[in-house]
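# What follows is a predicted structure for the sequence shown.
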Amino acid sequence: MSTTTDRTADLQARLERVRHRMAAAAEGRGEAELIVVTKYFPASDVALLAGLGVRNVGENKAQEAEAKAAALAGSDLRWHFIGQLQTNKAKSVVRYASAVHSVDRLGLVAALGKAVAAENRRRTEAGDAQRGPLDCFLQLDLRRGEDLDPGRGGARPAEMLELADAVAADPGLSLSGLMAVAPLGEDPAAAFARLQDLSAELTSRYPRAAGISAGMSRDLEAAMAHGATHLRIGSDVLGPRPAVG
Ligand SMILES: *Cc1c(COP(=O)(O)O)cnc(C)c1O
């Protein structure tokens, strides 16, 4: 078998295992959307995944995401940006991304809103169709305690409604819901239960912002048990990440 055939078979087997876990965890609740996190893996893997029926992919670094989206231009993949995002990268992200899952501060909301408007002016001048509103998930920091270093891993839950109001007020942005990563050193189910409570608080003000982006390879079952609508799965589909640096 060629290397490509081997890799396709490998990805297909892993993808099937993840889809089985998702179906088992759904237990009659609604199915969640699978976002395959392809960070550190080559664009060739993304192409193979698209051939295997994957529609949603996630990336966490602006440069890497931009290069892969360009390499896969013309595919009908939806790109989800899931990593820490600097405001000066907003312009490049809105060229290819359908969604940003890491909206964690007012400055980033403003930068993304401006970038969508600028992107649509650019498209109009080029004679291209407008892009749709950017789906925004507010990333919350679910850690408890005092030793939090702000600015990494999301906004504080107390900032949620202020961020939501800013997203909702921007015509280029669409408020999708919440995103979080389960903190280390705690049962993920307990953290995802807090996220589900916060989601209830958000949807009481914004009923359509019912998305919950939660669950990675190690904790997808716990996330689905607590209402996750979007799972971000990397290593269990792609295999161990290649060493970096
Ligand atoms: C890498 C990453 C994932 C996927 O993690 P796996 O453990 O490989 O499934 C999900 N969410 C975020 C924010 C990530 O950076």
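Cool, got the structure. Residues are numbered from 1 along each chain as shown.
# Around the ligand, which positions in this protein sit nearby?
Near the ligand, the residues belonging to the chain are 37, 39, 60, 82-83, 181, 216-218, 232-236 when assessed by Cβ under 6 Å from any ligand atom. No exception for glycine: its C-beta is placed from N, CA and C like everyone else's.
# when you check the residues you listed against the helices, which ones overlap?
235-236 (DSSP state H).
# Highest neighbour count among the residues of the chain next to the ligand?
Ile82 (28 neighbours; other Cβ atoms under 10 Å).
# Excluding chain neighbours, what is closest to the residue of the chain found nearest the ligand?
Distances between the chain and the ligand by Cβ to the nearest ligand atom are smallest at Gly234, namely 2.6 Å. Nearest non-adjacent residue to Gly234, counting by Cβ to Cβ, 6 or more residues apart in numbering: Val37, 3.5 Å away.
# Show me the beta-bridge partners of that neighbour.
Gly58 (DSSP bridges).
# Surely it touches Val57?
Yes - taking contacts as Cβ atoms under 8 Å, Val37 lies within contact range of Val57: 7.5 Å.
# Same list, the residues of the chain next to the ligand, but as a markdown table with pLDDT please.
Below are the residues of the chain next to the ligand laid out as a markdown table (pLDDT from 0 to 100):
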| residue | pLDDT |
| --- | --- |
| Val37 | 98 |
| Lys39 | 97 |
| Asn60 | 97 |
| Ile82 | 98 |
| Gly83 | 98 |
| Val181 | 97 |
| Met216 | 98 |
| Ser217 | 97 |
| Arg218 | 96 |
| Arg232 | 98 |
| Ile233 | 98 |
| Gly234 | 98 |
| Ser235 | 97 |
| Asp236 | 98 |
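# before we move on, the earlier item: Glu59 versus the residue nearest to Gly234, what's the distance?
7 Å (Cβ to Cβ, to the nearest Å).
# One more: Ser235?
15 Å.
# cool, and Gly234?
Counting by Cβ to Cβ - Gly234 and Glu59 are separated by 10 Å.
# Overlap in contacts, these two.
Counting by Cβ atoms under 8 Å, 6 or more residues apart in numbering, the contacts common to Gly234 and Glu59 are 37-39.
# Any stretches of this structure with poor pLDDT?
1, 146-152, 244-245 (pLDDT under 70).
# re the thing from before, give the contact list for the residue of the chain closest to the ligand.
36-39, 58, 216-217, 241.
# So Leu112 is in contact with Ser92, correct?
No - with contact defined as Cβ under 8 Å, Leu112 does not count as touching Ser92 (11.5 Å).
# just to confirm, which helix or strand has the nearest residue to Gln84 once chain neighbours are set aside in it?
Counting by Cβ to Cβ, 6+ apart, Ser102 is the residue found nearest to Gln84 once chain neighbours are left out, at 6.2 Å. Following DSSP states H and E, the helix or strand that holds Ser102 is strand 97-103.
# Show me what that strand is packed up against.
strand 78-81, helix 106-125, strand 134-139, strand 173-179 (3 or more Cβ pairs under 8 Å, 6 or more residues apart in numbering; DSSP states H and E).
# and these, which is most packed in?
strand 134-139 (a mean of 27; mean count of other Cβ atoms under 10 Å).
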